[in-house]
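K.L.:
okay, sequence plus prediction incoming.
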Amino acid sequence: MTMAYRVLIINGSPKANGCTARALREVSDTLRAEGVETDLVHVGKDDIRGCVSCGFCYKNGRCVFNDKVNETAALFEKADGIVVGSPVYYGSPNGTLLSFLDRLFYSASFSKHMKVGAAVVSCRRGGNTASFDVLNKYFTISGMPVASSTYWNQVHGFTAEDVEKDLEGLQTMRNLARNMAFLIRAIAREREESGLPALERGCFTSFPDGK
């Protein structure tokens with residue numbers, strides 16, 4: 001029986017059909033060509049507040065603010081991977097997206113271990129690699145393998161039409177999607193045959209005694 005795989009795609013741009021969306025569409029189309037289904041969530045224009053460190057999620061497994069974060073968590077739990085896309089603002093991802101991701105990754109109680117993560121960024125000229133680095137940290141702190149491509153996962157342009165001219169950028173998106181699909185399938189086979197790697201959780205160093 002052929003397994004069904006899913007990837008959650010999050011567009012953190014305020015523009016539903018802008019440069020970031022064009023890059024993510026290239027990823028999504030290629031994933032589907034590889035037999036991987038996709039779910040798209042657009043959060044760039046939503047009113048998303050940041051985490052307030054209230055501790056509600058520790059007891060309840062969801063965020064105290066019942067908005068799109070909790071809705072998306074349900075899709076994230078079912079997904080085999082996640083692609084997060086953002087425009088570059090002052091050398092960093094969109095602030096709304098960062099607030100969303102802080103709460104999504106922190107409040108969701110399910111394990112993200114061995115789900116495949118990938119970041120996609122777009123800008124007119126510079127700031128891409130710094131933004132790329134910020135987004136990847138959500139994956140690397142969560143035990144998630146990071147999918148790579150043949151260049152940093154970025155496109156350039158001021159409009160979606162400009163991105164159409166960035167042939168290398170779109171090529172990078174396609175290679176990213178193929179690599180991601182490969183990783184998802186490989187991890188699924190290994191999970192079936194041998195299980196996932198063991199996780200240790202006993203140590204939590206916080207130096208409460210000040211030493």
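P.N.:
That came through fine.
K.L.:
do a quick rundown of the strands in the protein.
P.N.:
5-11, 36-42, 81-89, 92-93, 116-123, 154-156 (DSSP state E).
K.L.:
nearest to residue 175, of those strands?
P.N.:
strand 116-123 (11.2 Å; C-beta to C-beta). Where you see a C-beta, it was placed from the backbone N, CA and C, and this is true even at glycine.
K.L.:
helices and strands around that closest one, which ones?
P.N.:
helix 19-33, strand 81-89, helix 128-140, strand 154-156, helix 167-194 (3 or more C-beta pairs under 8 Å, 6 or more residues apart in numbering; DSSP states H and E).
K.L.:
give the buried residues for it.
P.N.:
The neighbour-count check on strand 116-123 (16 or more other C-beta atoms under 10 Å) flags 116-123 as buried.
K.L.:
the helices and strands packed on strand 116-123 into CSV, with extra columns for mean neighbour count and distance to residue 7?
P.N.:
Below are the helices and strands packed on strand 116-123 laid out as CSV (neighbours: other C-beta atoms under 10 Å; distance: least, C-beta to C-beta, whole Å):
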stretch, mean neighbour count, distance to residue 7
helix 19-33, 22, 6
strand 81-89, 26, 4
helix 128-140, 18, 13
strand 154-156, 23, 18
helix 167-194, 17, 7
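K.L.:
figure out which of these is closest to residue 101.
P.N.:
Once the helices and strands packed on strand 116-123 are compared by C-beta to C-beta, helix 128-140 is nearest, at 5.5 Å.
K.L.:
which secondary structure elements does the closest one contact?
P.N.:
Counting contacts by 3+ C-beta pairs under 8 Å, 6+ apart, helix 128-140 packs against strand 81-89, strand 92-93, helix 95-107, strand 116-123, strand 154-156.
K.L.:
and the angle from it to helix 167-194?
P.N.:
With axes from the mean of the first three to the mean of the last three C-alpha atoms, to 10 degrees applied, the angle from helix 128-140 to helix 167-194 works out at 10 degrees.
K.L.:
follow-up on the earlier one: want to throw the helices and strands packed on helix 128-140 into a markdown table with mean pLDDT and distance to residue 179?
P.N.:
Formatted as a markdown table, the helices and strands packed on helix 128-140 follow (pLDDT from 0 to 100; distance: least, C-beta to C-beta, whole Å):
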| stretch | mean pLDDT | distance to residue 179 |
| --- | --- | --- |
| strand 81-89 | 97 | 11 |
| strand 92-93 | 96 | 22 |
| helix 95-107 | 97 | 22 |
| strand 116-123 | 98 | 9 |
| strand 154-156 | 97 | 15 |
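K.L.:
give me the residues contacting the worst-scoring helix or strand of the chain on mean pLDDT.
P.N.:
Least confident helix or strand of the chain, by mean pLDDT, DSSP states H and E, is helix 56-60 with a mean of 94. For helix 56-60, the surrounding residues in contact (C-beta atoms under 8 Å, 6 or more residues apart in numbering) are 62-64, 106-109.
K.L.:
look at the nearest residue to residue 99 once chain neighbours are set aside and report its pLDDT.
P.N.:
Spatially, and ignoring its direct neighbours in sequence, residue 99 is nearest to residue 50 (4.1 Å; C-beta to C-beta, 6 or more residues apart in numbering). Listed pLDDT for residue 50 reads 94.
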